[in-house]
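Asks: give the three-dimensional model of this entry:
(2 chains)
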Amino acid sequence: MEQLLVALGSMALGVGACALYFWGSNRLLDLVFPARSAHAAANIRRANLIRPWLFLGPAVIILTVYLVYPVLNSIWLSLHGRTGEEFVGLDNYVWLFGDDGFRESIRNNLLWLVVVPAASTFFGLIAAALTDRIAWGNIAKSLIFMPMAISFIGASVIWKFIYDVRAADVEQIGLLNAIVVALGGAPQAWIALPFWNNFFLMVILIWIQTGFAMVILSAALRGIPEETVEAAVLDGANPLQIFLKIKVPQIWGTIAVVWTTITILVLKVFDIVLAMTNGQWGTQVLANFMFDWMFRGLDFGRAATIALVIMALVVPIMIWNIREAQKDA
Amino acid sequence: MEGIAGRKPALIWAVHLSVVLLVVLWTLPTFGLLVSSFRDKDQLSVSGWWTSLTSTERNLVVRAPAPDDKGAQRQEGAFHVITGNVFDGGGAGAVSAFGVSSQDPSAFAVGETAVLKDGERVSVTETGDFRIEADQPMTGKRGQRLFVTVLEPPLFTLDNYRTVLLSEGIGRSFINTLTVTIPATIIPILIAAFAGYALAWMRFPGRTFLVAMVVGLIVVPLQMSLIPLLRLYTDIGIGKSYVGIWLAHTGFGLPLAIYLLRNYIKGLPKEIIESARVDGASDFEIFVKIVLPLSFPALASFAIFQFLWVWNDLLVATVFLGNNEEQLVMTGRLRELLGSRGGNWEILTASAFVSIAVPLAVFFALQRYLVRGLLAGSVK
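Replies: Numbering: from 1, shown residues only, chains lettered A, B, ... in the order given. Have a look, this model is predicted:
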């Protein structure tokens, strides 16, 4: 009970302080430059110069401290040793490109980058196209979308249970091995199976992300003008042709957005690998590799260098996004 | 959209079947977890959850009362006997076979009599009653071991939940997660709503640059921020605290929040805001009294987004919170259990379900807003 009160108290305090700032600062501005006084016009003008920054202040400060400063600081850290004190030049980068763990991470990350966005988008597109045609489509969508709400670590428990392995002479309680045994195969320790285990881990993320792809693509499919489809029907196109040649080409833009969104997520994938294998048996990825050097290796210089590599991979998408946003504005 | 596939019944059936297949594939894993978390832990460890409605065969080892114990032995006619039931220590079911040595635990069927080396005769009935019989008084400090094969009826229980909530610390972690999640959801919304309004409707130098910056920051991987912030927190003395993690989640969620809310607020009718200005309302009043209520759908969308993200986060919590009772969140606890209780599926399944119950409830109750937020966030 007591812990609950402490929790409630601190929550109220945190949220209250934030609300108080906005209310208080605006109040203060109105008091300093009253709108109804001898210098009303000048006061309103001055207040209008300052007020945007009262509104934006916390956001700009937090963005600077939490995202901009860390990028600059990481660059600085990557040129320094394990505690960030002595300058080591490019040693961290030299070490990185010669390191086996890094090569393994890059190889696996590339695999993830190819397989996960492709598979999620593919299944999402199929699910969207199929569920739009049937009466109970919305319920089906809801159920396929559901894993989206489950944490990566929760999903890892769910799938670790599916991949569970027992000795060959006892009953399997993991679904996958039970199926394999029922089909006459021998039980396998799936997540310790070199190379292929990467795919068993990817399945988890695909399972989570398909719903996301489905929701977005389904909205895009519904936005396609009826006339184009009707014209194709009149011309005698079959459903598959309509889907592949009329509908999909019209939603390429959305497919690209879904693809890049999942790509960014994949670059940061961490929880799944940490929980399932912790990078053993050849499943290391960049984000977990970085975590390793940060907490187990305790080498901030090297960890920051790995973070910068992840960042560098994201930069092209970032530039593309900014360009697109400016086109809209 | 109908009419395309509508003409051919075979095609419609194919569509229905494929959707059923997809739905089953996508829900089965979670369903298995849910069923398992309610199963008896001994059954869970020997049979798959898909067999949970049928009886489970289990091997029990029980020890009969020791002959030297007072009252264990009694005389019936010419025989000295020890009786009891194999389920005295708990459990239920039908015994199908028994044995007296670990080499061959199911050597005898029920009703048969096993004769031991010293001439003692052992029999076990289907209901679990056993009888050890000898011509002379039996001696020994340890009772005879009995191996029985039992067909147990399906057992479902809430014990797993009781265990994880009370003794595995999940209950405490639940509160910790709430303490992290609620402020980490509300604070960024407040800050982003104000910033979004300023970026949409106020005129000041640098606005275009700020918008571009926000869009760019959406994709910055948070891995980037961990070490610099950890060092910063240590230097200024925030250390590992709730305030630290609230602000961290605020920082990481802010770019998307500002972007979503700015787009939404910008789409509000210009006339409403202009006329309020003419009436002499200050921007603060316009924001609080007009924009905030009108933006409810966008605020709700982002709130659900951020709530799910913070609730499910492991990385940020691992870095910015401690590993102690007061601060360990549910995802962290789950990860710890995966390490320490790797084989105890009754603990893992129940814990996992406790941790995903809240997000699932939020998801099913507020799905509409979540979908809307996703669409606003990624379709340009």
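Asks: and the spatially closest residue to residue B:247 that is not a sequence neighbour, how far is that from residue B:192?
Replies: Nearest residue to residue B:247 in three dimensions, chain neighbours excluded: residue A:62, at 6.8 Å (Cβ to Cβ, 6 or more residues apart in numbering or on different chains). All C-beta spots, glycine's among them, are computed from the backbone N, C-alpha and C. Residue A:62 sits 10 Å away from residue B:192, going by Cβ to Cβ, to the nearest Å.
Asks: what's the overlap in contacts for the two?
Replies: residue B:254 (Cβ atoms under 8 Å, 6 or more residues apart in numbering or on different chains).
Asks: which one of these two is surrounded by more residues?
Replies: residue B:192 (29 against 21; other Cβ atoms under 10 Å in any protein chain shown).
Asks: wait, a helix at the more buried one?
Replies: Yes. Counting by DSSP: H, G, I helix; E, B strand; the rest coil, residue B:192 is located in a helix.
Asks: surely residue B:18 touches residue A:130?
Replies: Yes. Counting by Cβ atoms under 8 Å, residue A:130 is a contact partner of residue B:18 at 5.6 Å.
Asks: more crowded one of those two?
Replies: Between residue B:18 and residue A:130, counted using other Cβ under 10 Å, residue A:130 has the larger neighbour count: 23 against 16.
Asks: next, the contact list for the more buried one, please.
Replies: Residue A:130 makes contact with A:137, B:15, B:18, B:19, B:22, according to Cβ under 8 Å, 6+ apart.
Asks: surely the second one is in a helix?
Replies: Yes. Remark: residue B:15 belongs to a helix, assigned using three-state DSSP.
Asks: how many neighbours does it have?
Replies: By other Cβ under 10 Å, the residues close to residue B:15 number 19.
Asks: what's the per-residue pLDDT of it here?
Replies: Looking at residue B:15, its pLDDT is 86.
Asks: and it, how far from residue B:338?
Replies: 39 Å.
Asks: over to the last one?
Replies: Between residue B:22 and residue B:338 the distance is 28 Å, computed by Cβ to Cβ.
Asks: with the first one instead?
Replies: Separation of residue A:137 from residue B:338 (Cβ to Cβ): 36 Å.
Asks: what does residue A:308 give?
Replies: Separation of residue A:308 from residue B:338 (Cβ to Cβ) stands at 30 Å.
Asks: residue B:41 too?
Replies: Between residue B:41 and residue B:338 the distance is 17 Å, computed by Cβ to Cβ.
Asks: same deal with residue B:275?
Replies: For residue B:275, the distance to residue B:338 equals 58 Å [Cβ to Cβ].
Asks: more neighbours: which of these two?
Replies: Neighbour tally, residue B:275 and residue B:338, criterion other Cβ under 10 Å: the higher count belongs to residue B:338, 20 against 12.
Asks: residues in contact with that one?
Replies: Per Cβ under 8 Å, 6+ apart, neighbours of residue B:338: A:153, A:156, A:157, A:160, A:275, B:348.
Asks: swap in residue A:153?
Replies: Neighbouring residues of residue A:153 by Cβ under 8 Å, 6+ apart: A:271, A:275, B:312, B:314, B:331, B:334, B:335, B:338, B:355.
Asks: any idea how many residues pack against the nearest residue to the third one once chain neighbours are set aside?
Replies: The spatial neighbour of residue B:312 that comes closest, neighbours along the chain excluded (Cβ to Cβ, 6+ apart), is residue A:151 at 3.3 Å. Using other Cβ under 10 Å, residue A:151 has 24 neighbouring residues.
Asks: got the domain ranges for chain A?
Replies: A:2-78, A:93-328 (automatic domain parsing).
Asks: please identify the helix or strand for the residue nearest to residue B:247.
Replies: Using DSSP states H and E, residue A:62 maps to helix A:40-63.
Asks: with just CA atoms, put that helix into PDB.
Replies: C-alpha atoms of helix A:40-63 as PDB (Å, rounded to 0.1, in the frame of the first residue of the first chain):
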ATOM      1  CA  ALA A  40      -0.900  47.700 -24.600                       C
ATOM      2  CA  ALA A  41       0.300  47.500 -28.200                       C
ATOM      3  CA  ALA A  42       4.000  47.400 -27.300                       C
ATOM      4  CA  ASN A  43       3.400  44.900 -24.500                       C
ATOM      5  CA  ILE A  44       1.400  42.500 -26.800                       C
ATOM      6  CA  ARG A  45       4.200  42.700 -29.400                       C
ATOM      7  CA  ARG A  46       6.900  41.900 -26.900                       C
ATOM      8  CA  ALA A  47       4.800  39.100 -25.300                       C
ATOM      9  CA  ASN A  48       4.300  37.600 -28.700                       C
ATOM     10  CA  LEU A  49       8.000  37.600 -29.300                       C
ATOM     11  CA  ILE A  50       8.700  35.700 -26.100                       C
ATOM     12  CA  ARG A  51       5.700  33.400 -25.900                       C
ATOM     13  CA  PRO A  52       6.600  30.900 -28.700                       C
ATOM     14  CA  TRP A  53       9.800  30.200 -26.700                       C
ATOM     15  CA  LEU A  54       7.800  29.600 -23.500                       C
ATOM     16  CA  PHE A  55       5.800  27.000 -25.500                       C
ATOM     17  CA  LEU A  56       8.800  25.500 -27.200                       C
ATOM     18  CA  GLY A  57      11.300  25.900 -24.300                       C
ATOM     19  CA  PRO A  58      11.000  22.500 -22.600                       C
ATOM     20  CA  ALA A  59      10.800  20.700 -26.000                       C
ATOM     21  CA  VAL A  60      13.900  22.400 -27.400                       C
ATOM     22  CA  ILE A  61      15.800  21.900 -24.200                       C
ATOM     23  CA  ILE A  62      14.900  18.200 -23.900                       C
ATOM     24  CA  LEU A  63      15.500  17.500 -27.600                       C
END
